[in-house]
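My questions are about this predicted structure, shown below with the sequence.
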Amino acid sequence: MFRRAPKRGDNTKYYEILGVSKDASQDDLKKAYKKAAIKNHPDKGGDPEKFKELAQAYGVLSDPEKREIYDQYGEDALKEGMGGGGGVHDPFDIFQSFFGGSPFGGGGSRGRRQRRGEDVVHALKVSLEDLFLGTSKKLSLSRNVLCSKCNGKGSKSGASMKCAGCQGTGMKVSIRHLGPSMMQQMQHPCNECKGTGETINDKDRCPQCKGEKVVQEKKVLEVVVEKGMQNGQKITFPGEADEAPDTITGDIVFVLQQKEHPKFRRKGEDLFVEHTLSLAEALCDFQFVLTHLDGRQLLIKSNPGEVVKPDSYKAINDEGMPMYQKPFMKGNLYIHFTVDFPDSLNPGQVKELRGVLPAGPSTQLTDMELDECEETTLHDVNIEEEMRRKQQAQQEAYDEDEDMPGGAQRVQCPQQ
Ligand SMILES: [Zn+2]
Ligand SMILES: [Zn+2]
C-alpha cells in the first residue's frame with residue numbers, strides 16, 4: 001500500500017512503557033499490561049498520564065497490523081492514520097475490554113465512560129498591595145449548566161435517536177488520496193450531531209434549552225487572594241466550568257498576575273526599594289520616610305557618622321512580604337542606595353572639602369616628579385556604547401571576510 005517509506009521514527013518507546021522486549025509474544029504483552037494497568041489505575045491513586053500511556057502502548061502492540069507499522073515506522077506513522085486509524089483510544093475502554101468490568105470488585109464504578117470537560121483559565125490582575133494585605137474579588141461569569149427542565153437530555157420524553165449521519169458513533173471517516181497508491185484515513189466529529197451521535201425529534205425538543213441540553217447561567221465567584229500569594233499562583237474552583245452531558249465538569253482556574261509596582265519590587269518573600277541620596281546625605285547622615293504597602297510610615301535613617309557608598313544595600317528585617325499561609329512571618333525589605341554626586345564644585349568648595357576629607361595620593365607628588373611626566377587629557381565616555389560599537393565593527397570585518405569567494409570555499413566539505 002505504501003510506496004515510499006516515511007521517515008523512520010522512534011519505535012521502542014511502547015515496548016519500554018510496557019517493560020517488555022521487542023520480540024515479546026501477545027501473551028507477554030497481556031501480562032505486562034495487566035500488571036502495570038492495575039498498578040497505575042487512577043481509581044487506585046495511579047498517575048492518569050502513565051495509565052493513558054500504557055493503554056496507548058498496549059492498544060497498538062496488541063494489534064498485529066498496528067504493531068507491524070509501529071515497528072517499521074514508529075509512532076508518527078500511526079498518528080498519521082496509516083494502517084486504518086491508529087487514533088487515540090480511551091484508556092478506560094481498553095482497560096474494561098481487558099478485564100470485562102472492574103478488576104477491583106464492587107462492580108464497574110465507571111460504568112459509562114465520561115470525558116472530562118475543559119478547564120477554563122482566567123488571568124486575574126492584582127496589585128502588590130493585594131498580595132501583601134490579602135483581598136477578595138467578586139467576579140461575575142456566565143457558564144453552561146445542564147438544562148434543569150430536561151435534565152440535560154434535550155428532549156421532553158428523554159428519548160433521542162441515533163444520528164443518521166454517523167450511525168450514532170459521533171465520528172465520520174474520510175479518505176484522502178495522497179498519491180496513486182497512498183491514502184490517508186481521517187476521523188473527525190460528525191457535523192450533523194456535533195459529535196454526540198444522537199439527534200432529537202423536532203417535536204420532542206425541550207422548550208427550555210431548545211434541544212441544546214444546556215442553558216447559560218450567570219454566577220458570581222468570590223476569589224480570595226490570600227496574603228503572600230505569588231504572581232502566577234493558581235486559585236481553582238473545582239467543577240465550576242461549563243457543564244455538558246456525560247462530562248465531568250472542568251475547573252475554573254484563576255491565575256494571579258501581579259501588576260508592576262511603581263516603588264517596590266518583589267523577589268520571593270523579600271521586597272526591594274530604590275533610594276537616591278545626595279552626596280551630603282551619603283557622607284553626613286540621612287533620614288527619610290518610606291510609606292509601606294499597608295500605608296504605615298517607616299522612618300529610615302543612617303547610624304550617626306556612617307557613610308553610605310554608591311550601589312550598596314541595606315536591609316530591614318521582617319518588613320518584606322508576608323509568607324503564604326504563614327502571614328505572621330515576613331521576608332526582608334532591602335534598600336538599594338544610589339548616590340547623586342554633584343557635577344562640579346567651585347574652587348572655594350574644593351578648598352573647604354580638601355580641608356576636611358582624608359587626603360589622596362595626588363597631593364603627594366613633588367615638582368621633580370611632575371616635571372618628568374607627560375600631560376594627558378581626560379574626556380567622558382559611555383563605556384558600554386563604546387564597546388558595543390567596537391564589537392560591531394569587528395563583526396562586520398569578519399563577515400566581509402566570509403563573503404569572499406575564497407573564504408566560502410574553505411568552509412565547504414572537501415568532496416570531489
Ligand atoms: Zn452524527
Ligand atoms: Zn432542556
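Everything's here; your move. Numbering: from 1, shown residues only. Ligands and ions are numbered 1, 2, ... in the order given.

contacting residues around the closest residue to ligand 1 within the stretch 301-416 of the chain?
The nearest approach of the stretch 301-416 of the chain to ligand 1 comes at Tyr324, 49.0 Å away (Cβ to the ion). No exception for glycine: its C-beta is placed from N, CA and C like everyone else's. Residues near Tyr324 by Cβ atoms under 8 Å, 6 or more residues apart in numbering: Glu226, Lys227, Gly228, Met229, Gln230, Gln233.

Burial check on the second one, number of neighbours?
Applying other Cβ atoms under 10 Å, we find 19 residues neighbouring Lys227.

quick one on the thing from earlier: return the subset of the contacts of Tyr324 lying in strands.
Nothing among the contacts of Tyr324 maps onto strands, per DSSP state E.

can you give me the offset of the helix or strand harbouring Val253 from its chain's centre?
Element membership of Val253, judged by DSSP states H and E, is strand 252-258. Here the centre of strand 252-258 is set off from its chain's centre by 12 Å, with Cα atoms, centre = their mean, to the nearest Å.

hang on, the earlier thing: can I have the buried ones of the contacts of Tyr324 as a PyMOL selection?
Command for PyMOL that selects the buried part of those, burial taken from 16 or more other Cβ atoms under 10 Å:
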select buried, resi 227+228+229+233
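
Quickly name whichever of the contacts of Tyr324 is closest to Lys314.
Taking Cβ to Cβ as the measure, Lys314 lies nearest Gly228 of the contacts of Tyr324, at 23.4 Å.

domain assignment for this protein?
13-101, 119-151+213-259, 264-340 (automatic domain parsing).

and those domains as JSON lines, adding distance to ligand 2 and mean pLDDT?
Formatted as JSON lines, the domains of the chain follow (distance: least, Cβ to the ion, whole Å; pLDDT from 0 to 100):
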{"stretch": "domain 13-101", "distance to ligand 2": "27", "mean pLDDT": "77"}
{"stretch": "domain 119-151+213-259", "distance to ligand 2": "3", "mean pLDDT": "94"}
{"stretch": "domain 264-340", "distance to ligand 2": "43", "mean pLDDT": "96"}
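
which one of those lies closest to Ser181?
domain 13-101 (12.8 Å).

follow-up on the earlier one: please flag which of the contacts of Tyr324 sit within helices.
Judged by DSSP state H, helices contain none of the contacts of Tyr324.

ok, Val121 - contacts?
Val253, Phe254, Val255.

I meant Leu277, not that one.
Counting by Cβ under 8 Å, 6+ apart, Leu277 touches Phe286, Val308, Phe337, Thr338, Val339, Asp340.

any idea how far the residue of the stretch 301-416 of the chain closest to ligand 1 lies from Gly158?
According to Cβ to Cβ, to the nearest Å, Tyr324 stands 49 Å off from Gly158.

Likewise for Glu385?
From Glu385 over to Gly158 the distance is 77 Å, taken as Cβ to Cβ.

next one: Pro42
Remark: distance between Pro42 and Gly158 (Cβ to Cβ) = 31 Å.

which of the two has more neighbours?
Pro42 (15 against 11).

any idea whether Pro327 is helix, strand or coil?
Of the three states, Pro327 takes strand under DSSP: H, G, I helix; E, B strand; the rest coil.

give the contact list for the closest residue to it other than its chain neighbours.
Nearest residue to Pro327, sequence neighbours excluded (Cβ to Cβ, 6 or more residues apart in numbering): Lys227, at 4.0 Å. Shown in contact with Lys227 (Cβ under 8 Å, 6+ apart): Leu131, Phe132, Leu133, Gly134, Pro322, Tyr324, Pro327.

what's the distance between Val356 and Val350?
Counting by Cβ to Cβ, the gap from Val356 to Val350 is 12 Å.

same thing with Glu129?
With Cβ to Cβ as the criterion, Glu129 and Val350 are 47 Å apart.

Up against ligand 1, what does the stretch 251-400 of the chain have?
Residues of the stretch 251-400 of the chain found near ligand 1 (Cβ under 5 Å from the ion): none.

coming back round to it: Val356 and Val350: which has the busier surroundings?
Remark: of Val356 and Val350, Val350 carries more neighbours, 11 against 7, as counted by other Cβ under 10 Å.

a helix runs through that one, doesn't it?
Yes. Val350 forms part of a helix when assessed by three-state DSSP.

okay, the closest residue to ligand 1 within the stretch 201-350 of the chain: pLDDT?
Going by Cβ to the ion, ligand 1 is nearest to Gly211 of the stretch 201-350 of the chain, at 14.2 Å. We have a pLDDT of 87 for Gly211.

who's the closest residue to it other than its chain neighbours bridged to?
Residue nearest to Gly211 in three dimensions, not counting chain neighbours: Arg205, with 3.9 Å by Cβ to Cβ, 6+ apart. Arg205 has the following beta-bridge partners by DSSP bridges: Ser155.

What residues sit buried inside the strand holding Val253?
Using 16+ other Cβ under 10 Å as the test for burial, strand 252-258 gives Ile252, Val253, Phe254, Leu256, Gln258.

Pairing partners for that strand, with directions?
Sheet pairing of strand 252-258 (DSSP bridges) gives strand 120-126 (parallel), strand 234-237 (antiparallel).

Contacts for the shortest one next, please.
The reference is to strand 234-237. For strand 234-237, the surrounding residues in contact (Cβ under 8 Å, 6+ apart) are Leu124, Leu221, Val223, Val224, Val225, Asp251, Ile252, Val253, Phe254, Val255, Leu256.

just the contacts of Lys227 now: which is nearest Ser278?
Closest approach between those and Ser278, by Cβ to Cβ: Phe132, at 30.1 Å.

burial count for that closest one?
Using other Cβ under 10 Å, the number of residues around Phe132 comes to 23.

Contacts only, for it.
Phe132 neighbours (Cβ under 8 Å, 6+ apart): Lys227, Leu293, Asp294, Met321, Pro322.

Write a PyMOL command that selects only the buried members of these.
Remark: buried members of the contacts of Phe132, expressed as a PyMOL selection using 16+ other Cβ under 10 Å:
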select buried, resi 227+293+321+322
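
Using CSV, please lay out the contacts of Phe132 together with secondary structure and distance to Thr247.
Converted to CSV, the contacts of Phe132 look like this (DSSP: H, G, I helix; E, B strand; the rest coil; distance: Cβ to Cβ, whole Å):
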residue, secondary structure, distance to Thr247
Lys227, coil, 36
Leu293, coil, 43
Asp294, coil, 45
Met321, coil, 40
Pro322, strand, 39
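
any chance of the contacts of Phe132 in TSV, plus distance to Gln391?
Formatted as TSV, the contacts of Phe132 follow (distance: Cβ to Cβ, whole Å):
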residue	distance to Gln391
Lys227	48
Leu293	42
Asp294	48
Met321	40
Pro322	46
